[in-house]
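A.B. asks: Structure for the following, please:
(one chain, ligands or ions: 4)
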Amino acid sequence: MTLSPDTIADFNGQHLDNHRRKLAYWTDEVGAAETIIEKLIAFQIAIPSWALGTGGTRFGRFGGGGEPRNLDEKIADVGLLHALNRSSGAISLHIPWDIPTDPEATKQLAAQYGLRFDAVNSNTFQDQPTGQEHSYKFGSLQHTDAAVRRQAIEHNIEVIRHGVALGSDSLTVWLSDGSCFPGQLNFRKAFDRTLDSLQQIYAALPDAWKMFVEYKAFEPNFYSMTVGDWGSSLLYATKLGPKAYTLVDLGHHLPNANIEQIVAILLHEGKLGGFHFNDSKYGDDDLTAGSIKPYQLFLIFNELVDGMDARNMNHATGLGWMIDASHNVKDPLEDLLQSVDAIQMAYAQALLVDRTALEEARETNDVVRAQEILQDAFRTDVRPLVAEANRRAGGALNPLALFRQQNVRQQLISERGLKTVATGL
Ligand code: AOS
Ligand code: ZN
Ligand code: ZN
Ligand code: ZN
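C.D. replies: Numbering: from 1, shown residues only. Ligands and ions are numbered 1, 2, ... in the order given. Sure, this is the predicted structure:
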């Protein structure tokens, strides 16, 4: 199933008068509208291959039908999203869930949809049913047994090879390594072994590549995680060298952590690698970005714009902008459209912040004014700007509405069937 430019243009035509009326406020009254629209057009967010099927919980999975059955269909799904919003121009693969058997053909297929390959993800958090000699039950890069560590290192190097073949230029390493009970692990040995393993992977990185070290406070290990917070991730990244960076998954902190401050400091230190965007109420809930704490998402973007907007926040800056969200009760494609939309809105709102006034308020300790400046931007309805950016880039004024109007899921079900199981969690 594809969405033709004509279908999109027809849809936009039906909604154009209404849209123009809303946009008029912006174009007539707010001088900055044009620059914001241009920045939104340039901004692309990578879609994780593992979010295209209905997500699981520990207790069950309720498939929705028409889900991609292989890598080609996953690429086709991201192609659909990108056709709708023109802001999802990249896909992030997980190995071995998405092993490309013919990388040249896979690359060409992605190019047809205007997609590039973002960070490739390694997987040493579960045992693979075939071709794996040693178990990761007690960790991978931290393991007490050098043979297990070697297997995990080689897997990561293999992932880099797949990435190179597809034109990706970064590796995300998320480790479930840690311990479940006090006494189980020698923290210092685990740190040293993990560092040593990461160094061997780092040594295999091609020149222009980056390594993203993702941290997570807890789960699946519930007493200690060997890369458990931004401090340890930054420590590893610093010891590894200039190609290593910290990756921030919004759901990977202890409750109430000040993520925007973490982002500001990492960016300031030149060590922010990128994001796994999602939202959460309790832990690593992987809920739709902006669905629980939209103000937090805005505050994160406020720090990003403040720290790097002069460099333009598109992929050319080398940051990995990825989503990591998937769950049980929504159509995965609708969910991803919502996430991208929420991220675009947070970015647009952050661009509205009057930075000169904000700095003035800060320097004079005018707390109320500083707060008002941020909230003023956050409380502004930027939806017409996002819609206009999507439209000008060739996408739909309202991607979700068009997705429903075209019965995309029903069409996917007729093509692929009702019972489909995507690889992954
Ligand atoms: C796990 O909690 C992490 O968020 C990783 O990014 C993981 O690789 C991804 O969620 C796929 O399971
Ligand atoms: Zn993640
Ligand atoms: Zn997450
Ligand atoms: Zn996670």
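A.B. asks: for the record, mean pLDDT for stretch 183-193?
C.D. replies: Stretch 183-193 comes out with an average pLDDT of 98.
A.B. asks: Can you tell me what sits against it?
C.D. replies: Outside stretch 183-193, the residues within contact range by C-beta atoms under 8 Å, 6 or more residues apart in numbering are 139, 141-144, 149, 177-179, 223-224, 226, 232. No exception for glycine: its C-beta is placed from N, CA and C like everyone else's.
A.B. asks: And that stretch, what's buried?
C.D. replies: 185, 190-191, 193 (16 or more other C-beta atoms under 10 Å).
A.B. asks: Can you convert those into TSV and add a column each for secondary structure and distance to ligand 2?
C.D. replies: TSV is the format used below for the buried residues of stretch 183-193 (DSSP: H, G, I helix; E, B strand; the rest coil; distance: C-beta to the ion, whole Å):
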residue	secondary structure	distance to ligand 2
185	coil	22
190	helix	21
191	helix	21
193	helix	23
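A.B. asks: May I ask which helix or strand encompasses the spatially closest residue to residue 244 that is not a sequence neighbour?
C.D. replies: Sequence neighbours aside, residue 237 is the residue nearest to residue 244 in space, at 4.1 Å (criterion: C-beta to C-beta, 6 or more residues apart in numbering). Assigned by DSSP states H and E, residue 237 falls within helix 230-240.
A.B. asks: gap between that helix and the chain center?
C.D. replies: 20 Å (C-alpha atoms, centre = their mean, to the nearest Å).
A.B. asks: ditto for stretch 361-369
C.D. replies: With C-alpha atoms, centre = their mean as the basis, the mean position of stretch 361-369 lies at 34 Å from the chain mean.
A.B. asks: Check stretch 342-357 too.
C.D. replies: Worked out by C-alpha atoms, centre = their mean, stretch 342-357 lies 19 Å from the chain centre.
A.B. asks: what comes up buried for that stretch?
C.D. replies: 342-353.
A.B. asks: Any chance of those residues in TSV with pLDDT, secondary structure and distance to residue 386 as columns?
C.D. replies: Compiled in TSV, the buried residues of stretch 342-357 are given as follows (pLDDT from 0 to 100; DSSP: H, G, I helix; E, B strand; the rest coil; distance: C-beta to C-beta, whole Å):
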residue	pLDDT	secondary structure	distance to residue 386
342	98	helix	10
343	98	helix	10
344	97	helix	5
345	98	helix	6
346	98	helix	10
347	96	helix	9
348	96	helix	6
349	97	helix	10
350	96	helix	13
351	94	helix	11
352	94	helix	12
353	95	coil	17
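A.B. asks: I'd like the residues you listed as JSON lines, with distance to ligand 2 appended.
C.D. replies: Converted to JSON lines, the buried residues of stretch 342-357 look like this (distance: C-beta to the ion, whole Å):
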{"residue": "342", "distance to ligand 2": "17"}
{"residue": "343", "distance to ligand 2": "15"}
{"residue": "344", "distance to ligand 2": "20"}
{"residue": "345", "distance to ligand 2": "22"}
{"residue": "346", "distance to ligand 2": "18"}
{"residue": "347", "distance to ligand 2": "20"}
{"residue": "348", "distance to ligand 2": "24"}
{"residue": "349", "distance to ligand 2": "24"}
{"residue": "350", "distance to ligand 2": "22"}
{"residue": "351", "distance to ligand 2": "26"}
{"residue": "352", "distance to ligand 2": "29"}
{"residue": "353", "distance to ligand 2": "28"}
